[in-house]
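Asks: Got a predicted model here, sequence first, then my questions.
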Amino acid sequence: MPRARINQEPQANDPPTFKTTHHTSSQFVESAGAILFDFPSLGKKRVCLVNHLVKDEWLLAKGRRNIGESRAEAAFREVREETGHECRPHAATMSTRAPRGDEPHDVPDQVRVYSGCLTEPFMYTRRDLEGKSEKLIWWYIAEAVVRDIVE
């Protein structure tokens, strides 16, 4: 283990430092949502959006995660509540820094691409809520179970 140096300038071979902040549960809220695709066997691929009439905006379905609910469960529940459509995770090819569960514990922390098998969040949004707290929104890729999405 490296020995600590007090009041000394950083050295060229020192490991990198990272800015770290900690937030209590009252300082953030987690949300989750999904991009809902309709992948018909024949025909056009479609994306489902939510029309917010008051704001006159088209949005992706998302909302707060409930206590005891996984991020993925929250995302697919929000899609169902906001669109009326049942959905399931869509396995996609994506880049990630996360290792597979069967990889060695010391696998290098680097970007890898997994082909057509991941249902993890593909992105997150960090939204500052007027400097008082923040919202983290985890985004998934979902596919419609029932092919009844109206164009």
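Replies: Looks like it arrived, so ask away.
Asks: now the helices for this protein?
Replies: Assigned by DSSP state H, the helices in the chain fall at 71-83.
Asks: where in it is pLDDT low?
Replies: 1-10, 41-42, 146-151 (pLDDT under 70).
Asks: Quick one: the strands in it, in order.
Replies: 28-38, 46-48, 50-52, 57-59, 61-64, 87-89, 92-96, 112-118, 123-129, 133-144 (DSSP state E).
Asks: mind checking how far residue 138 is from residue 86?
Replies: 20 Å (CB to CB, to the nearest Å). (C-beta placed from N, C-alpha, C; glycine too.)
Asks: Make a markdown table out of the strands of the chain and add distance to residue 81 and mean neighbour count.
Replies: Below are these laid out as a markdown table (distance: least, CB to CB, whole Å; neighbours: other CB atoms under 10 Å):
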| stretch | distance to residue 81 | mean neighbour count |
| --- | --- | --- |
| strand 28-38 | 11 | 21 |
| strand 46-48 | 13 | 16 |
| strand 50-52 | 10 | 12 |
| strand 57-59 | 13 | 10 |
| strand 61-64 | 7 | 19 |
| strand 87-89 | 11 | 17 |
| strand 92-96 | 23 | 14 |
| strand 112-118 | 25 | 12 |
| strand 123-129 | 19 | 11 |
| strand 133-144 | 13 | 19 |
